[in-house]
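Undergrad: Give me coordinates for this.
(3 chains)
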Amino acid sequence: MEENYRVKLEIFEGPLDLLLFLIKRNELDIYDIPISFITEQYLVYLGMMQVLNVELASEFLVIAATLLEIKARMLIPTLVEKEDEAEDPRLELTNRLLEYQRFKNAAIQLNSRDMLYRDTFTRGIHEDVDADAAPPNIDADVYDLLVAFKSLMDRARGEKIAYMAVERISVAQRINDIMERIGIAKSVAFDTLLPRDYTRMDIVITILAILELLRLRMLRCDQREPFGPIWLYMQE
Amino acid sequence: MEKDRLIAIIEALIFASDRPLKTKYIEQVLSIVDLGDITIDGLMEALRTRYGTDSAGIELVEVAEGWQFRTRPQLSDWVKRLNIVKPAKLSMPAVETLSIVAYRQPVTHAEIDYVRGVDSGGVIKTLLDRRLIKIVGKKELPGRPLVYGTTQEFLEVFGLKDISALPSLQDIKQIGSAEEELERDQAELPLAANKPGEGPDDEE
Amino acid sequence: MEKDRLIAIIEALIFASDRPLKTKYIEQVLSIVDLGDITIDGLMEALRTRYGTDSAGIELVEVAEGWQFRTRPQLSDWVKRLNIVKPAKLSMPAVETLSIVAYRQPVTHAEIDYVRGVDSGGVIKTLLDRRLIKIVGKKELPGRPLVYGTTQEFLEVFGLKDISALPSLQDIKQIGSAEEELERDQAELPLAANKPGEGPDDEE
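TA: Numbers count the residues shown, from 1 in each chain, chains lettered A, B, ... in the order given. Below is the predicted model of the structure:
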């Protein structure tokens, strides 16, 4: 078994790609996946990648967890005798695999078309024709604008960006906003306090405002788990 | 005006244009001419036939709702020997992502990730940079995520007349599986795409 | 190899070449072929004859540096008409200026100059003429400078429901990995991804 893998070792584009491969390789029916078997095969592959020090995307582990969960659910006997209504725990995974396979095939089909600059070429020399009439129309899209603006901002780093952002909002104003929000909701998560298109300056000002409110004992805050949301409460 | 001269004009117009030339612009240029009972469609057909012979090195193709001259794909190896520097090939993840955008547009980053099972941020960036996809708006969802669609350039690169010229996903399911087997170079494998009850040998 | 096929190859080579193609390059490309008693000169002559008829819209010319296809000079008036009917690309300064107005409106002339690092008077005038931007008032600053904003026309041209539908800088950061964004110090961004000299066309 492992000998086979050694020969065929491929880098898969993702966990779904790997699963599809395992299903085909083992001649399995995608509509009736033997979940224990496939889970085992999947984990063997991950293990091998680990041995080879190949770094796998975190999504591979997510699907591993999903497989184990499905496996567990299939082992638990249905307590309620409603077999007809009970959903097959594999259903979502099967649908995802079918969907992925469909697009994978679509991609192969797309790739097999005569591609410009790969299989076919347009005229190489640009013909200059005098343009004396004013062009009545425009060829650009929103992305052109966004990209142009971003490169301008990149060029105008540091000072200039701060200068433009500062005038958007002040700490005092932020304090008022926050107190108003908490006054209504009693508690809010920190990240919901940021405006929709927040900048680094917005984060700084929001944090300054919160620190000020904490110092004045108008708020208290906690975080229930590492990296979890930070909650702010009105101080009773 | 004589038909031959009209065809020559259209040939020159398409040739001078750097991007595929839409029929409506040909019509507008010729709008000062009394065509009589000649139709633009008829002229296009005549021109296409002229370039349709095997001995031509150039062909007239209809892409992105317009007309363009291109080298015949059969001659690509010869043209490549000229070493004209052009955009590199697309990677398989890129083509995969592109096909999801093409068939599902308008589609969000998260939807693409879900279908592919991996984060597609880098690939989306590449496709945007190569102008094969573009931002077409925002979705009315929390966070107002951006939605993507394919571009004019996409149609040009893949030689599609318009987006509806893509084969339907259902058709692909049958054709694609066989090709995939070839690509993977594992002819001994059965096709998982087969539905239960379908024979394993009907696609070889 | 058959003569017809050789002619087709040469036709494709000249067509795809990004500069007039020297005979010696044609010879190089064909050096892997056994030509027998066929000469390159003979092939060139045959190709030139094919394009030499009056009913062709294109001609093959030998300029100092090599071979090149051109539209027939007699048809130039028709080709020029294309410029009148087809949409043009916005220049890079125009796209830049428009993006500043769109994202920072209301904005003064001085602020635009400050961000771009050059005087933008001419571009602002062009954008005003094209009705993509307009004067929206005066700023409470010494000299009460005019401030600019985008127009209804702007929204229509760019297919935006309202100004809030513009993608934000934050949006662009979702795309691609964070590190990639930080690394990108050079300002050459994808706008340049288009081939130089690429002609006008529109995307509907």
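
Undergrad: Give me the below-cutoff pLDDT ranges for chain A.
TA: Low-confidence segments of chain A, defined by pLDDT under 70: A:1-10, A:77-86, A:128-140, A:142-143, A:155-169, A:196-198, A:225-228, A:236.

Undergrad: can you do 90?
TA: Residue ranges of chain A with pLDDT under 90: A:1-14, A:45-59, A:72-89, A:112-236.

Undergrad: list the contacts for the most centrally placed residue in it?
TA: Nearest to the mean C-alpha position of chain A, counting by CA atoms, centre = their mean, stands A:Glu59 at 10.2 Å. A:Glu59 sits next to A:14-15, B:117-119 when contact means CB atoms under 8 Å, 6 or more residues apart in numbering or on different chains. In short, each C-beta sits where N, CA and C put it, glycine included.

Undergrad: Dump those to TSV, plus secondary structure.
TA: Listed next are the contacts of A:Glu59 as TSV, based on DSSP: H, G, I helix; E, B strand; the rest coil:
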residue	secondary structure
A:Gly14	coil
A:Pro15	helix
B:Gly117	coil
B:Val118	coil
B:Asp119	coil
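
Undergrad: Pick the one among those closest to C:Pro142.
TA: B:Asp119 (50.8 Å; CB to CB).

Undergrad: Spatially nearest residue to that closest one (excluding sequence neighbours)?
TA: Using CB to CB, 6 or more residues apart in numbering or on different chains and skipping the chain neighbours, the partner closest in space to B:Asp119 is B:Asp113 (5.6 Å).

Undergrad: Pretty sure the one you found sits against B:Ile124.
TA: No - with contact defined as CB atoms under 8 Å, B:Asp113 does not reach B:Ile124; the gap is 9.5 Å.

Undergrad: Compare neighbour counts for the two and give me the winner.
TA: Neighbours per residue (other CB atoms under 10 Å in any protein chain shown) separate B:Asp113 from B:Ile124, with B:Ile124 holding more: 24 against 18.

Undergrad: Okay, and the more buried one sits in which element?
TA: Taking DSSP states H and E as the definition, one finds B:Ile124 inside helix B:121-129.

Undergrad: Please compute how far that helix lies from its chain's middle.
TA: 18 Å (CA atoms, centre = their mean, to the nearest Å).

Undergrad: hmm, whatever helix or strand comes next after that helix touching chain A?
TA: Counting by DSSP H and E, the element after helix B:121-129 in chain order, helix or strand, is strand B:133-138. Yes - interface with chain A: strand B:133-138 contributes B:134-135 (CB under 8 Å from any CB of the partner chain).

Undergrad: Please pull up the helix or strand immediately following strand B:133-138.
TA: Counting by DSSP H and E, what follows strand B:133-138 is strand B:146-150.

Undergrad: Against which helices or strands is the lengthiest helix in chain A packed?
TA: Secondary structure of chain A read by DSSP state H shows that its longest helix is helix A:91-111. Contacts defined by 3 or more CB pairs under 8 Å, 6 or more residues apart in numbering or on different chains; DSSP states H and E place helix A:91-111 against helix A:15-25, helix A:58-75, helix B:92-104, helix B:109-116, helix B:169-184.

Undergrad: mind giving me a markdown table with those and columns for distance to A:Ile178?
TA: Formatted as a markdown table, the helices and strands packed on helix A:91-111 follow (distance: least, CB to CB, whole Å):
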| stretch | distance to A:Ile178 |
| --- | --- |
| helix A:15-25 | 42 |
| helix A:58-75 | 34 |
| helix B:92-104 | 40 |
| helix B:109-116 | 29 |
| helix B:169-184 | 49 |
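
Undergrad: For C:Ser164, find the nearest of those.
TA: Of all the helices and strands packed on helix A:91-111, helix B:109-116 comes closest under CB to CB, at 19.4 Å.

Undergrad: any idea of the angle that closest one forms with strand B:146-150?
TA: Put simply, helix B:109-116 runs at 60 degrees to strand B:146-150, going by axes from the mean of the first three to the mean of the last three CA atoms, to 10 degrees.
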